[in-house]
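Participant: The following block contains a protein sequence and its predicted model.
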Amino acid sequence: MKGKIRTSIVLLVVLMGMGTSLTSAQVIFQRPFGVAIDDLGWNEGRSLGDEGGGWRAGVRRDFDVRDYKPIVEVGQEAGVRFMGLFVLGEMDRLNVVSQIPTITKAGYDFDNSSNIDASQIEVMEYVKNNAAYLEFGIHGVGHEHWIDGVRKRAEWYNLEDNEPWPEADSRAHIEVFKQIMSQYGMGEEAGHSFPESFVPCAYGYYWNPDGAYSTGKLMHDNGVKYVNTDFTHIQELNPPAQATGGFDHGVLVIDRLNYGNPWYELASLPSVPIDSFRTDIIETHWPNWLAQDDFLQEEVNQQWINFFKKVQEHPEFYLAKNTEQFNSQWLYKRYTEIEEKEPGVVHIDNRNMPSVAYENDLLGNLVLSVKLKEGEHVQKAEVNGKSIPAYFEESGYGFMYLPELRRDTFTLTYQLGDNKSGIFVENTGTYNVYDVEESNKQLLIDLKVYGTQTIKLHMPNADQKREINAKNKQLLVKDVSVNKQGQVLEITLEGKDIQGSRDWLIIK
Ligand SMILES: [Zn+2]
């Protein structure tokens, strides 16, 4: 008995001697989780499907700015910038849609003047001002395709005859989409990029990665990087297997499914358990986020917030903060091998990452997590001896944001402890941090900001007066403050481009 106690004491001393490095925790390489919100942008929700028009949102209701707020409010609570997919035809203030007869049933006679008033400006200003929580993505202009006033499904691919629309016609639809963006100061001339995300209307996507033309080619040529759709609707084109994805002319196309929330149903969440989600991105439509009246909206918001909380608590999923992070994690999950050789030492093999991911700037942070006990934190984490740029805790997990990884092998070492140390960004927002460098008494942070957000930078002596600037003037420094303990510098930044502004922040 005595010997046993002595052994235990010796073991305890050894454990204490090893300090914080000994851990039974295992690093977790989670699947990313994201949602798409289709069919934003309609002015009226009522379906014209029976009259040969578009189905719109399938809700007899006129939309205004109040119908966009729930998405932003849930995004603020959940810490997510949701992928919104817009149909812009009814936003057209100058009847540019009438240039292309295949966009609407009315064709050349399209006249939107009765639809247009100040409320659309209010909507688009709201969308621009809330780029931190709502991504402006492209869905379509008219949603279907009309030939001499006769409707065919759908805007980007002919699902009825299983053939692509003429390339010139599809390119003309994109030009009209751009013209409507410009009517609201969202175009290139106003400093904003074309959307990075696309969802084809009615899943009509011309998958043709080996041919000269495809929907991917069309989108890639205009700046789109990420696409999601349901592959079952284009089986004739031999798309990637269900619940997977692939590259088409430089865009990453990922399969998605619906889990029980119909496109027209108000206040409707996925009805199947999170455990049974086979795809990493799931389908929602605008009405799913809306209550039938204002007094019920708070409750619907809360249901969505609870849903995302459950996703974040789920050991298999990482709730991606934005679309870039989602797709980046999706690529790492597919191509990167991770092995914890010994507790706290993780070998990362990224040599199989396809070059197309780099050529098209599709990658960002790799996110790895550990389950934390009460009061426990990741005290230190380094990739090849250099501190990771960002860290975040939520739902009992510590999320480590590794920098973008080139095609190589890496070693992540991490330690758990009772406090966090070093210089790092605590990523409570929806921005991306790629690098934190210390040199010549100044700190350089490489990051991408969507909209206006506050960066929490943990550093010793944060309370000293500092000069903060963005190297390439893509980010505007709006406010700087220090927390009460003097260890966190809070910097409020505004990104110039609603699709995200990347720059180096210089802190002297
Ligand atoms: Zn749609």
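Facilitator: Received, thanks.
Participant: Residue of the stretch 351-500 of the chain nearest the ion, please.
Facilitator: Gln499 (20.8 Å; C-beta to the ion). From N, CA and C alone the C-beta is placed, and that goes for glycine too.
Participant: Could you pull up the residues touching that residue?
Facilitator: 131, 135-136, 192-196, 450 (C-beta atoms under 8 Å, 6 or more residues apart in numbering).
Participant: mind checking the SS state of it?
Facilitator: With DSSP: H, G, I helix; E, B strand; the rest coil as the basis, Gln499 sits in coil.
Participant: export the contacts of Gln499 to CSV and tack on distance to the ion, secondary structure and pLDDT?
Facilitator: As requested, the contacts of Gln499 are exported to CSV (distance: C-beta to the ion, whole Å; DSSP: H, G, I helix; E, B strand; the rest coil; pLDDT from 0 to 100):
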residue, distance to the ion, secondary structure, pLDDT
Ala131, 22, coil, 98
Glu135, 16, strand, 99
Phe136, 15, strand, 99
His192, 23, coil, 98
Ser193, 22, coil, 98
Phe194, 19, coil, 98
Pro195, 15, coil, 98
Glu196, 18, coil, 98
Tyr450, 23, coil, 98
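Participant: Of these, just say which sits nearest to Asn115.
Facilitator: Within those, proximity to Asn115 (C-beta to C-beta) peaks at Phe136, which comes in at 20.0 Å.
Participant: could the contacts of Gln499 go into JSON lines alongside neighbour count?
Facilitator: Compiled in JSON lines, those are given as follows (neighbours: other C-beta atoms under 10 Å):
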{"residue": "Ala131", "neighbour count": "25"}
{"residue": "Glu135", "neighbour count": "31"}
{"residue": "Phe136", "neighbour count": "25"}
{"residue": "His192", "neighbour count": "21"}
{"residue": "Ser193", "neighbour count": "16"}
{"residue": "Phe194", "neighbour count": "20"}
{"residue": "Pro195", "neighbour count": "27"}
{"residue": "Glu196", "neighbour count": "25"}
{"residue": "Tyr450", "neighbour count": "27"}
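Participant: and these, which two are the farthest apart?
Facilitator: Farthest-apart pair in those is Phe194 and Tyr450; separation 15.1 Å (C-beta to C-beta).
Participant: Helices of the stretch 301-450 of the chain, start to end?
Facilitator: With DSSP state H, counting those that start in this stretch as the definition, the stretch 301-450 of the chain shows helices at residue ranges 323-335, 355-359.
Participant: Single out the most deeply packed of those.
Facilitator: helix 323-335 (a mean of 23; mean count of other C-beta atoms under 10 Å).
Participant: pLDDT averaged over it, what's the number?
Facilitator: Per-residue pLDDT over helix 323-335 has a mean of 98.
Participant: residues in contact with Leu218?
Facilitator: Contacts for Leu218 were tallied using C-beta under 8 Å, 6+ apart; they are 156, 167, 170-171, 174.
Participant: go on, Asp408?
Facilitator: So Asp408 contacts 350-351 (C-beta under 8 Å, 6+ apart).
Participant: how close does it sit to Asn384?
Facilitator: 9 Å (C-beta to C-beta, to the nearest Å).
Participant: ditto for Asp210
Facilitator: Going from Asp210 to Asn384 by C-beta to C-beta gives 38 Å.
Participant: of the two, who's got more company?
Facilitator: Asn384 (11 against 7; other C-beta atoms under 10 Å).
Participant: thinking Ala131 is in contact with Lys448, fair?
Facilitator: No. Counting by C-beta atoms under 8 Å, Ala131 does not reach Lys448; the two are 11.6 Å apart.
Participant: Give the residues shared as contacts by the two.
Facilitator: 495, 500.
Participant: which residues touch the nearest residue to Ser271 once chain neighbours are set aside?
Facilitator: Ranked by C-beta to C-beta, 6 or more residues apart in numbering and with sequence neighbours excluded, the top spatial neighbour of Ser271 is Gly260, at 3.1 Å. Counting by C-beta under 8 Å, 6+ apart, Gly260 makes contact with 270-272.
Participant: where does Gly260 fall, helix, sheet strand or coil?
Facilitator: Assignment for Gly260 (three-state DSSP): coil.
Participant: can you pull the pLDDT of it?
Facilitator: 96.
Participant: any weak-confidence spans in the chain?
Facilitator: 1-25 (pLDDT under 70).
Participant: domain assignment for it?
Facilitator: What automatic domain parsing lists as the domains of the chain is 20-29+335-507, 31-319.
Participant: most tightly surrounded among those domains?
Facilitator: The highest mean neighbour count among those, using mean count of other C-beta under 10 Å, belongs to domain 31-319: a mean of 19.
Participant: first vs last residue of that one, how far apart are they?
Facilitator: 9 Å (C-alpha to C-alpha, to the nearest Å).
Participant: do the same with stretch 496-504
Facilitator: Note: stretch 496-504 ends 14 Å apart using C-alpha to C-alpha.
Participant: Would you double-check that Glu298 falls in a strand?
Facilitator: No. Assessed with three-state DSSP, Glu298 is helix; it does not lie in a strand.
Participant: residues contacting it?
Facilitator: Neighbours of Glu298 in contact, by C-beta under 8 Å, 6+ apart: none.
Participant: Check Lys508 too.
Facilitator: Lys508 makes contact with 441-442, 466-468, according to C-beta under 8 Å, 6+ apart.
Participant: Pro70 contacts Glu299, correct?
Facilitator: No. Judged on C-beta under 8 Å, Pro70 makes no contact with Glu299 at a distance of 10.8 Å.
Participant: between the two, what contacts are shared?
Facilitator: Ala291.
Participant: Please state the offset of stretch 338-350 from the chain centre?
Facilitator: On the basis of C-alpha atoms, centre = their mean, to the nearest Å, stretch 338-350 sits 27 Å off its chain's mean C-alpha point.
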